[in-house]
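K.L.:
mind looking at a prediction? Sequence and model below.
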Amino acid sequence: MKKNTAKLAFLNLSSVLLLLVLFFTGCVNFGGSKNDDIEILQEEKSPNGKFVATSFSCSGGGAAGYFFFNANLRKVDDQLDTRDVLMGKHKTWMAFFDIDVRWIDDANLEVSYYQKSGPAYEKNNALKVESKYGLKIHHRIKPGKF
């Protein structure tokens, strides 16, 4: 009886340790967005040459992968950060597509795109960056329902 209890305790402890290792391994970032496949679809420098607006696609994530389109605004010497986006609460959701960026002037950027609709996208699509670096960002949703 004591042997069975000891074996059971050992199995329970082993199971808990294994689950903890799996849990914490899953929470570690082993490179994250560094291993993403990024395609720059459009890139436009501001008229004064200080900023860059980029439309891009991004895929990655391994077995539970993702693919999304979005836009980024950054200083001309900064690297593209695919998680520093202009649209959406959830950075890797496929909620926006056919994104165009156009400088109106040194202080105004227009970003036009289609966006998916429906209850699942309502909160995500409500978040849009309206200004950055003192620049005004004008969001124009292209007509059509997706």
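P.N.:
Cool, the structure landed. Numbers count the residues shown, from 1 in each chain.

K.L.:
when you work out contacts or count neighbours from here on, use the C-alpha atoms and nothing else.
P.N.:
Will do.

K.L.:
where exactly do the strands run in this protein?
P.N.:
Counting by DSSP state E, residue ranges of the strands within the chain are 37-45, 51-60, 66-75, 96-105, 108-115, 131-132, 135-141.

K.L.:
now render these as CSV, adding distance to N125.
P.N.:
What follows is the strands of the chain, written out as CSV (distance: least, Cα to Cα, whole Å):
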stretch, distance to N125
strand 37-45, 21
strand 51-60, 17
strand 66-75, 12
strand 96-105, 9
strand 108-115, 8
strand 131-132, 16
strand 135-141, 11
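
K.L.:
in stretch 110-120, which residues are buried?
P.N.:
Buried residues in stretch 110-120, defined by neighbour count with 16 or more other Cα atoms under 10 Å: E110, V111, S112, Y113, Y114, Q115, K116.

K.L.:
same check on stretch 55-68?
P.N.:
S55, F56, S57, C58, S59, G60, F68.

K.L.:
what about that stretch, distance to the chain center?
P.N.:
Averaging C-alpha coordinates over stretch 55-68 and over its chain gives two centres that are 8 Å apart (Cα atoms, centre = their mean, to the nearest Å).

K.L.:
what does stretch 51-60 give?
P.N.:
The chain centroid and the centroid of stretch 51-60 are separated by 10 Å under Cα atoms, centre = their mean.

K.L.:
for the nearest residue to V76 once chain neighbours are set aside, list each beta-bridge partner.
P.N.:
Spatially, and ignoring its direct neighbours in sequence, V76 is nearest to F51 (4.7 Å; Cα to Cα, 6 or more residues apart in numbering). On DSSP bridges, the residues paired with F51 through beta bridges are K75.

K.L.:
what separation do you get for F51 and N108?
P.N.:
As for F51, its distance to N108 is 11 Å (criterion: Cα to Cα, to the nearest Å).
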